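Trainee: Predicted model follows, preceded by the sequence.
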Amino acid sequence: MKPDMSVEIGSLKLRNPVITASGTFGYGEEFKDYLNLEEIGAIITKGLSLKPRAGNPTPRIVETPAGMLNAIGLQNVGVDAFIEKKTPFLRTISTPAIVNLFGNTIEEYAELASRLEQVPEVAGIEVNISCPNVKQGGIVFGTDPKAAATVVRAVRSETTKPLIVKLSPNVTDVVEMAVACAEAQADALSLINTLTGMAVDLRTRRPVLANVTGGLSGPAIKPVALRMVWQVAKAVTLPVIGIGGIMNATDALEFILAGATAIQVGTANFLDPAAAGIIAREMEQYLAENGIAAIGELRGALQV
Amino acid sequence: MLFKSMVLSNHEVSPGYYRMRVTAPPELLSASPGQFVMVKVRDSIDPLLRRPFGIFDIGVLPAAYDGGCEQVYLEMLYKVVGKGTAMMATLHNGDVLDFLAPLGNGFRMGNPQGEKVLVGGGIGLAPLYFLAKKLVENSKVRLFIGGRTREDILCVTEFERLGIETYVSTDDGTLGACGLVTEVMERHLTEDGGDKTIFSCGPMPMLQAVADIARRRSIACQVSLEAHMACGMGACLGCVVKGSEHGDSHPDYRCVCKEGPVFNFQQLMWV
Ligand SMILES: Cc1cc2nc3c(=O)[nH]c(=O)nc-3n(C[C@H](O)[C@H](O)[C@H](O)COP(=O)(O)OP(=O)(O)OC[C@H]3O[C@@H](n4cnc5c(N)ncnc54)[C@H](O)[C@@H]3O)c2cc1C
Ligand SMILES: Cc1cc2nc3c(=O)[nH]c(=O)nc-3n(C[C@H](O)[C@H](O)[C@H](O)COP(=O)(O)O)c2cc1C
Ligand code: FES
């Protein structure tokens, strides 16, 4: 019998738990020649802001052992161009598209959510809180539970769509952040965003990235991500979406065992543009081979 | 397209420079000069990302025996500079590599009547051979090739065999003229404007000088750029360069992988 791979993220029903991570899958269309988009659970689009954003100077990426640092600087087309140019393609697929958004003020987050509320192609919202609050001396929203909760409440009041909050790992206590966002009426939590890091070039005695620091992703961060997902899943009742270094079905299933309802595939899309589809298929195969009727049976089944 | 290839040969053509031939699917025959490939050097998480390389040549090997199949091949010319290329240099016949190709926009051939001037610096020569092979079918082609020293001058005989007039220069004078390739080229460009096109690939300062000459002398010019890449398909936005309209208030970033790697020099912002 075919195992039941479907999962629910708030009111959003996904055919399987495999979602593509923001910033690693463009707007979906870029990948249509490489994988059947109908094979994956959902797509999360590149971080979106109210106005178009230029992003950082180059070099923006550098490889590090089993990982990569990126300092793209959230370059994106802005909400108007997104609605005009990117939604027509999203309409042609049945796979839900979740929009990842960010702002530099609470008001920007709220306005963006309200603009997207009217857009039928947007199946859900993922709020990136790993951004500096320009009105509060640039402190990152995602590192202060009160600021994070304020963002979530502001977005919540403007949207009826499923609301996911994406947590930053660059905090002392991720559980405290998770609880604050849950209390502010998020529908789900996704974690982790990238870990801040840097690379140095001994020859030039300069940082490799023009931005000096960047976000670490890829297999190198998987142990940290697993630990955080496990801690958060124990502490909240909301669905948790695991992200960080997932390269194959084994990695993905480890996150489900640690308590994740769904998972996101990020850096792996760069190595193999068909990765998300392969991971979904191989997860299902694992269930079938091991006589597991539904993916939910593995969720949080870690024996500690 | 994603495909696996088998190494057919991989040898050092000059100290630190290798030429690798691998099997390729027939679809690759429609790739155009200037497009590139992304190679997964090893099926492991380190090195993690694919490495971008130009297409040095694509061709067809005749069937090895009566009734056998023709075999399409792809060649890369590469310089060992770090972890990934060092691993590539250790590969042997029969080893398997994973490719994402062909990617990006190649050179536009232009009007066949016009003269084609190829300018390569060091390993920047790599995409120019496949281009030259196509161009000589219909056009007059000259090649200017430069490097720091004689060991950086690669595959000259291959170009000469195509009947291309080739001018070599080195910074230290160990081979050909002593000086910069752009100086040599400029000396040999007798007239401004006209129905000429420059095609160039090499280090940024060289491309900058080439673009200067093209602007001053009103010559059409296409350049092929390098950038650090993660995806090679327009998804990560890691590989951007500044476009000609770029300004702080009106950013104009172009993806090298998707909009390039070949650009008309006027599309770019030169410092
Ligand atoms: C479109 C394009 C075509 C290219 N064609 C050729 C070619 O035909 N022959 C050739 O020898 N080289 C070519 N290069 C450069 C080649 O990609 C790098 O030399 C190679 O990636 C270095 O890998 P490494 O692991 O040995 O070096 P490392 O320094 O260990 O690499 C670390 C990271 O930096 C990146 N990187 C390092 N140098 C470069 C560079 N110059 N350009 C882009 N990324 C870099 C790597 O891809 C990797 O992600 C091309 C680059 C681009 C963008
Ligand atoms: C190039 C790149 C761009 C990214 N852009 C965004 C973004 O715009 N918004 C966001 O919330 N996360 C962004 N991320 C973070 C990823 O969505 C993901 O959380 C992170 O890469 C960890 O997962 P991975 O190890 O599977 O890549 C980006 C990551 C990379 C590598
Ligand atoms: S390499 Fe990813 S966008 Fe060009």
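Mentor: Here it is on my side, so go on. Ligands and ions are numbered 1, 2, ... in the order given.

Trainee: Tell me how far residue A:2 lies from residue A:257.
Mentor: Computed as C-beta to C-beta, to the nearest Å, the residue A:2 to residue A:257 distance reads 21 Å. Placement of C-beta: from N, CA and C, glycine included.

Trainee: Pick out whichever of the two has more residues nearby.
Mentor: Neighbours per residue (other C-beta atoms under 10 Å in any protein chain shown) separate residue A:2 from residue A:257, with residue A:257 holding more: 18 against 8.

Trainee: got a list of what residue B:8 touches?
Mentor: B:21, B:22, B:23, B:73, B:93 (C-beta atoms under 8 Å, 6 or more residues apart in numbering or on different chains).

Trainee: could you redo the last one with a cut-off of 10 Å?
Mentor: Applying C-beta atoms under 10 Å, 6 or more residues apart in numbering or on different chains, we find residue B:8 in contact with B:20, B:21, B:22, B:23, B:24, B:61, B:71, B:73, B:74, B:75, B:93, B:94.

Trainee: Does the second one belong to a helix, a strand or coil?
Mentor: Using DSSP: H, G, I helix; E, B strand; the rest coil as the criterion, the local structure at residue B:21 reads strand.

Trainee: okay, it: pLDDT?
Mentor: Residue B:21 carries a pLDDT value of 98.

Trainee: wait, doesn't it sit right on residue B:11?
Mentor: Yes: in this structure residue B:21 lies within contact range of residue B:11 using C-beta atoms under 10 Å: 9.3 Å.

Trainee: which of these two has more neighbours?
Mentor: Using other C-beta under 10 Å as the criterion, residue B:21 and residue B:11 rank with residue B:21 on top: 21 against 9.

Trainee: helix, strand or coil for the closest residue to ligand 2 within the stretch 151-271 of chain B?
Mentor: Of all residues in the stretch 151-271 of chain B, residue B:236 sits closest to ligand 2, at 4.2 Å by C-beta to the nearest ligand atom. Here residue B:236 takes the coil state, with states given by three-state DSSP.

Trainee: do residue A:100 as well
Mentor: When classified by three-state DSSP, residue A:100 comes out as strand.

Trainee: ok, it - contacts?
Mentor: Contact analysis of residue A:100 by C-beta under 10 Å, 6+ apart lists A:21-23, A:44-48, A:74, A:76, A:124-128, A:164, A:166, A:190.

Trainee: Buried ones among these?
Mentor: Buried subset of these (neighbour count, 16 or more other C-beta atoms under 10 Å in any protein chain shown): A:21-23, A:44-48, A:74, A:76, A:124-128, A:164, A:166, A:190.

Trainee: where in the stretch 101-250 of chain B is pLDDT low?
Mentor: Counting by pLDDT under 70, the stretch 101-250 of chain B has low-confidence residues at B:192-193.

Trainee: Can you lay out the contacts of residue B:8 as a markdown table showing distance to ligand 2?
Mentor: Formatted as a markdown table, those follow (distance: C-beta to the nearest ligand atom, whole Å):
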| residue | distance to ligand 2 |
| --- | --- |
| B:20 | 29 |
| B:21 | 33 |
| B:22 | 28 |
| B:23 | 32 |
| B:24 | 29 |
| B:61 | 39 |
| B:71 | 37 |
| B:73 | 33 |
| B:74 | 28 |
| B:75 | 31 |
| B:93 | 35 |
| B:94 | 33 |
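
Trainee: So which residues of chain A form helices?
Mentor: Using DSSP state H, the helices assigned to chain A run over residues A:79-81, A:87-91, A:106-117, A:145-156, A:174-183, A:222-235, A:249-257, A:268-271, A:275-289.

Trainee: scratch that, chain B
Mentor: Per DSSP H, chain B carries helices over the ranges B:83-89, B:126-135, B:156-161, B:181-188, B:204-216.

Trainee: Tabulate those in TSV, adding columns for mean neighbour count and distance to ligand 1.
Mentor: Formatted as TSV, the helices of chain B follow (neighbours: other C-beta atoms under 10 Å in any protein chain shown; distance: least, C-beta to the nearest ligand atom, whole Å):
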stretch	mean neighbour count	distance to ligand 1
helix B:83-89	17	3
helix B:126-135	24	3
helix B:156-161	15	14
helix B:181-188	19	17
helix B:204-216	18	10
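
Trainee: Arrange those in CSV, one row each, with distance to residue A:33 as further columns.
Mentor: Below are these laid out as CSV (distance: least, C-beta to C-beta, whole Å):
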stretch, distance to residue A:33
helix B:83-89, 25
helix B:126-135, 23
helix B:156-161, 33
helix B:181-188, 38
helix B:204-216, 31
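
Trainee: closest to chain A out of the ones you listed?
Mentor: Closest of these to chain A is helix B:83-89, at 8.3 Å (criterion: C-beta to the nearest C-beta).

Trainee: helices or strands next to that closest one in the packing?
Mentor: Identification of packing neighbours for helix B:83-89 by 3 or more C-beta pairs under 10 Å, 6 or more residues apart in numbering or on different chains; DSSP states H and E yields strand B:2-14, strand B:17-23, strand B:36-40, strand B:51-54, strand B:71-79.
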